[in-house]
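> Mind folding the following:
(chains A and B)
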2 protein chains.
Amino acid sequence: MQLTQALHRNAQQMPSDIATSCEGRVRTWTESRGRVAGLAGGLLAHGVGTGDRVAIASLNSDHYHEMLLATWWAGALVNPVNIRWSPAEISYSLVDSSTRVLFVDDAFAAALPAIREGAPQLKTVIHAGAGVTPDGAVPLEDLVASTPVDDARRGGADIAGVFYTGGTTGFPKGVMLSHQAMLVSALGSAAAGAFVPGATLLHAAPMFHLADLAAWTGTNMLGGSHVMVPAFNPAGVLAAIEEHSVSDALLVPTMLQMLVDAPGFADADLSSLRRILYGASPIAASLLERIQSALPTVRLTQAYGMTELAPIASVLTSEDHQVERLRRSAGRAAPHAEVIVADPEGNEVERGVVGEVLVRGGHVMDGYWGKPEETADALRGGWMHTGDGAYMDDAGYIFIVDRLKDMIVSGGENVYSAEVENALSSHPAVAACAVIGVPDPEWGERVHAVVVLRPGQTVTVEGLRDHAKALIATYKAPRSMETVDALPLSGAGKVLKRELRAAHWGDTDRNVG
Amino acid sequence: MQLTQALHRNAQQMPSDIATSCEGRVRTWTESRGRVAGLAGGLLAHGVGTGDRVAIASLNSDHYHEMLLATWWAGALVNPVNIRWSPAEISYSLVDSSTRVLFVDDAFAAALPAIREGAPQLKTVIHAGAGVTPDGAVPLEDLVASTPVDDARRGGADIAGVFYTGGTTGFPKGVMLSHQAMLVSALGSAAAGAFVPGATLLHAAPMFHLADLAAWTGTNMLGGSHVMVPAFNPAGVLAAIEEHSVSDALLVPTMLQMLVDAPGFADADLSSLRRILYGASPIAASLLERIQSALPTVRLTQAYGMTELAPIASVLTSEDHQVERLRRSAGRAAPHAEVIVADPEGNEVERGVVGEVLVRGGHVMDGYWGKPEETADALRGGWMHTGDGAYMDDAGYIFIVDRLKDMIVSGGENVYSAEVENALSSHPAVAACAVIGVPDPEWGERVHAVVVLRPGQTVTVEGLRDHAKALIATYKAPRSMETVDALPLSGAGKVLKRELRAAHWGDTDRNVG
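Numbers count the residues shown, from 1 in each chain, chains lettered A, B, ... in the order given. As a prediction, this is how the structure comes out:
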């Protein structure tokens, strides 16, 4: 059970079909296998050993596909770098995981001196790009031209990669995922309908992140084709869908909103699009309606999970999307996963009661790289503790209310930001919003809204408050607000509430246990 | 990743839905979980320890479902007994695997004294049936009424069971399958379309066999409902489909043939039936046509595999069934599996060339119980050696030509029985047939047909031979024949060619290496 297995199988079953399309480069599965076997040979020639870490600092491209597979083919582990990170953060992850080999593309070539300075153990840098190869780096194509080697056939319980995470919760931790964890998540999610055979999958969300990697893995497993654009932008995505007859896309709701708001959306030929998989947050009713009316043949599927779950725990199917009440939920435990909502002692709570989401199954991480205590804490009792607050209904649907750390305690009452944000997002002036707790002498914490306005619109805190009070309890309505041009987002498209809170709580985030 | 995980999940997501229906007993998933937790408590109270083997000698029933799950819930391993076996063979498997606890139903109660005599280590016998509890046995319901215990949560790489196999190839060997092997096969096959959510699955094929257990596991994983009939008989199956609105069934082609030939077939209301999964052999064109015209909404899926593969390696999808050429194939490697056709040295052969089917993936067995040499031989080079001869086409479709041991060498030419049987089965007088090699002074081996005639029909060897020669090369046409009332079948519905050959080769089967 290896992540390279799909490459063997697709080269066997669809040798002349397209594996990857990117910037005019088109590779069949036979070519893809040949390039991966050569690139792996090049990695071995550069001293990559079994179990070594190989980092990838790159925007999306067909090379990303090859770099991942070649690293596994050579028997090594991937360390895909968060593309939002500063050179110092990248160096931190390279040092923490003793990574000595790094792929960079043109976008990261300029940062190389700074990365090297912070990560002196770095030995080999491989440059994948059309630009000038940086000093001391070797061109990717030189390695691809190496003598091909046999697949090292690492797999099963062997660690496939160290995936740094924690942008929304503090210092990055390297999540160790085994080959089987990633494959079990992909197979189980496919069984739940998230992935289908024969897809042409668009990679617009960043490939370093497990959300997109999950869709990549699932499409490899079921046999399909990949289309990469370097990064998300609405016009590029619309053009890629038209040019490559894209059938499937993984997008977070923020991206979906930008897409339907884009000037070219109405005129684009998106008739090839069949499925959109999204995650990171529920989809707003207004956005869902626009998508369903503009793209009536598109089936929406939501997946909920996290890097530590390789990454999918639950799926809200396209059938579930037909039920209005369920659209606010994160779906139900997928066939490979078990999910409960538990109290702080790990005991399952009654249905409808908010607790922490705990998950178990063959897809759970092995632990955090070099962090046995954090690992033991996260996996205590045999369950992955997600840190997400949620309740479950009688049919097992999971309704996420908040990150436990983002939960607001105001006047002794728990306020879940998701519920408030949902209420505010239906205000006609609100394009996007995030709700946080800020210090307040009277209430302890005060419900505070951070709002992105629609063009030409304005709103007052009284207006927001009145709108909210018509939908939710008074104590949940915001007592203060600020407007911003855009919400700070993580590489995965999640709102970085830590950053929003920092201005109110000072340099040290509030102590949330 | 545990085989009990689906029980937790289904009790969570569909607590009041039907888990099992059998002989008027209907249990919801909540009830099923409660009975399993009680039965597991009873097993622990009777001294079953972690990793112990618990055998099940029973026809199909809802209790089979409970006995399997309770054994795992208690942390033990199942040893499902082949229902075709004599008491001596059952005892052999109990002794070989040091099994000390045995479930028996009414059908096996009478054999208990003989089984005990051959397996003196047997301590506890649990009787699941409406008949009189045999001397020294305890009633199942007494154990179910025990104090429920928590799930032992064995899973992942832990062995889930010892599945004795080898009815067609010699002395039985206990195949050790892990929890993850069975779950990976189920998830990958579901991803390939073999199992779907919400099925009402009929168990008419024997539940001891991995073919039916695979469908049971897949339906558990995706959430569904089980209907059990004690054993296959056409009238019982037709009645069960009507009564329970069965949507899915696992049947071998022999059973399908008997079903469409049954007097009540034309009048039965089979409108609920949506999918038939079959295995063991390709489906005859004439049978397929009858099914498709009588049951136009039924989608046929073929799965190929063996117990050692937990059990599915490849799937012929319902879409594939629309292509006539592909109907003779065993489909393509499923998303969880890798399949190649190799020469005796293990090197992949060219497409179209016959070799042995080799399989790898997370679903392959751990080995044969207590047989390290046979294990090493079967798994040499990291591949499961199936013993099946096949060729592969350019799109990865696998065409099984014969068991390697069943291959006939006549006048220096290889003759594959599947091809000859396929030719003969289109003869109007032939209801079923099997082709074997028998000793011949001139040809070394002679192609010999064993034929079951259609009612009122006769055929001569010349007639058969002429029919065959119109379809296949002359050297492949049978030179002798015999007629029988029925072909000897294994518990899984495969023709026992060893038995057919025995009459011609004497007590010792021909040496086939």
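
> quick check: longest helix of chain A.
In terms of residue count, the longest helix belonging to chain A (DSSP state H) is helix A:29-45.

> helices or strands up against that helix?
Helix A:29-45 is packed against helix A:5-13, strand A:18-22, helix A:62-73, helix A:140-144, with contacts defined by 3 or more Cβ pairs under 8 Å, 6 or more residues apart in numbering or on different chains; DSSP states H and E. Using the backbone N, CA and C atoms, a C-beta is placed for each residue, glycine as well.

> okay if I get these as a markdown table plus mean neighbour count, mean pLDDT and distance to chain B?
Shown next, in a markdown table, are the helices and strands packed on helix A:29-45 (neighbours: other Cβ atoms under 10 Å in any protein chain shown; pLDDT from 0 to 100; distance: least, Cβ to the nearest Cβ, whole Å):
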| stretch | mean neighbour count | mean pLDDT | distance to chain B |
| --- | --- | --- | --- |
| helix A:5-13 | 23 | 98 | 4 |
| strand A:18-22 | 22 | 98 | 15 |
| helix A:62-73 | 27 | 98 | 14 |
| helix A:140-144 | 20 | 98 | 23 |
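
> Quick one: closest of those to residue B:257.
Across those, the minimum distance to residue B:257, taken as Cβ to Cβ, is reached by helix A:5-13, at 30.6 Å.

> Export that closest one to PDB, keeping only CA atoms.
The C-alpha coordinates for helix A:5-13 follow below in PDB (Å, rounded to 0.1, in the frame of the first residue of the first chain):
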ATOM      1  CA  GLN A   5       1.000   2.400  -6.400                       C
ATOM      2  CA  ALA A   6      -1.500   4.600  -8.400                       C
ATOM      3  CA  LEU A   7       1.300   5.700 -10.700                       C
ATOM      4  CA  HIS A   8       2.100   2.100 -11.600                       C
ATOM      5  CA  ARG A   9      -1.600   1.300 -12.000                       C
ATOM      6  CA  ASN A  10      -2.500   4.400 -14.100                       C
ATOM      7  CA  ALA A  11       0.500   3.800 -16.400                       C
ATOM      8  CA  GLN A  12      -0.800   0.200 -16.700                       C
ATOM      9  CA  GLN A  13      -4.500   1.100 -17.300                       C
END
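
> Mind giving me the packing neighbours of it?
If you count contacts as 3+ Cβ pairs under 8 Å, 6+ apart, helix A:5-13 packs onto helix A:29-45, helix A:210-222, strand B:332-333, strand B:337-342.

> Identify the residues contacting the nearest residue to residue A:340 once chain neighbours are set aside.
Nearest residue to residue A:340 in three dimensions, chain neighbours excluded: residue A:348, at 4.7 Å (Cβ to Cβ, 6 or more residues apart in numbering or on different chains). Going by Cβ atoms under 8 Å, 6 or more residues apart in numbering or on different chains, residue A:348 touches A:340-342, A:355.

> Closest one to residue B:435 out of these, please.
When the contacts of residue A:348 are compared for distance to residue B:435 (Cβ to Cβ), residue A:340 wins out at 55.7 Å.

> Can you verify my assumption that the closest one contacts residue A:358?
Yes. The pair residue A:340 and residue A:358 passes the contact test of Cβ atoms under 8 Å, sitting 5.2 Å apart.

> Residues that sit against both of those two, list them.
Counting by Cβ under 8 Å, 6+ apart, the shared contacts of residue A:340 and residue A:358 are residue A:383.

> What distance do you get for residue A:431 to residue B:137?
71 Å (Cβ to Cβ, to the nearest Å).

> With neighbour numbers in mind, choose between those two.
residue B:137 (19 against 16; other Cβ atoms under 10 Å in any protein chain shown).

> tell me the phi and psi of the more buried one?
phi -100, psi 160 (degrees, to the nearest 10).

> Beta-bridge partners for it, please?
residue B:125 (DSSP bridges).

> wait, isn't it in contact with residue B:128?
No. Counting by Cβ under 8 Å, residue B:137 does not reach residue B:128; the two are 9.7 Å apart.

> Need the overlap of contacts for these two.
What both residue B:137 and residue B:128 touch, as defined by Cβ under 8 Å, 6+ apart, is the set residue B:104.

> tell me the contacts of residue A:392?
Contacts for residue A:392 (Cβ under 8 Å, 6+ apart) come out as A:339-341, A:351-352, A:398-399, B:12.

> swap that for residue A:330, sorry
Applying Cβ under 8 Å, 6+ apart, the residues near residue A:330 are A:282, A:302, A:304, A:314, A:316, A:390, A:397-400.

> From the centroid of chain A, which residue is nearest?
Centroid-nearest residue in chain A, with Cα atoms, centre = their mean: residue A:211, separated by 3.4 Å.

> My guess is that residue contacts residue A:249. True?
No. Using Cβ under 8 Å, residue A:211 is not in contact with residue A:249, being 11.8 Å away.

> what ranges do the strands span in the stretch 201-350 of chain A?
Taking DSSP state E, counting those that start in this stretch, the strands of the stretch 201-350 of chain A run over residues A:225-228, A:248-250, A:275-278, A:299-305, A:312-316, A:332-333, A:337-342.

> Does residue A:188 belong to a helix, a strand or coil?
Using DSSP: H, G, I helix; E, B strand; the rest coil, the structure places residue A:188 in helix.

> Model confidence for it, exactly?
Listed pLDDT for residue A:188 reads 97.

> Quick check: residues of the stretch 101-250 of chain A near chain B?
Selection of the stretch 101-250 of chain A residues close to chain B by Cβ under 8 Å from any Cβ of the partner chain yields A:153, A:155-157, A:180, A:183-184, A:187-188, A:190-192, A:195, A:197, A:221-223.

> Compile the strands of the stretch 201-350 of chain A into TSV and extend it with columns for mean pLDDT.
TSV is the format used below for these (pLDDT from 0 to 100):
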stretch	mean pLDDT
strand A:225-228	98
strand A:248-250	96
strand A:275-278	95
strand A:299-305	95
strand A:312-316	97
strand A:332-333	98
strand A:337-342	98
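
> Could you dump the ones you listed into TSV with distance to residue B:8 and mean neighbour count added?
Conversion of those to TSV gives the following (distance: least, Cβ to Cβ, whole Å; neighbours: other Cβ atoms under 10 Å in any protein chain shown):
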stretch	distance to residue B:8	mean neighbour count
strand A:225-228	35	25
strand A:248-250	29	28
strand A:275-278	26	24
strand A:299-305	18	24
strand A:312-316	14	29
strand A:332-333	9	28
strand A:337-342	6	23
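
> what would those look like in a markdown table with distance to residue B:123?
Compiled in a markdown table, the strands of the stretch 201-350 of chain A are given as follows (distance: least, Cβ to Cβ, whole Å):
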| stretch | distance to residue B:123 |
| --- | --- |
| strand A:225-228 | 57 |
| strand A:248-250 | 55 |
| strand A:275-278 | 53 |
| strand A:299-305 | 45 |
| strand A:312-316 | 42 |
| strand A:332-333 | 38 |
| strand A:337-342 | 33 |
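
> of those, which approaches residue A:322 most closely?
strand A:299-305 (10.0 Å).

> where does chain A dip in pLDDT?
Applying pLDDT under 70 to chain A flags the ranges A:166-170, A:280, A:491-492, A:506-513.

> got the domain boundaries for it?
Residue ranges for the domains of chain A, per automatic domain parsing: A:25-155, A:407-505.

> most neighbours per residue, which of those domains?
Of all these, domain A:25-155 carries the top mean neighbour count, a mean of 20, counting by mean count of other Cβ atoms under 10 Å in any protein chain shown.
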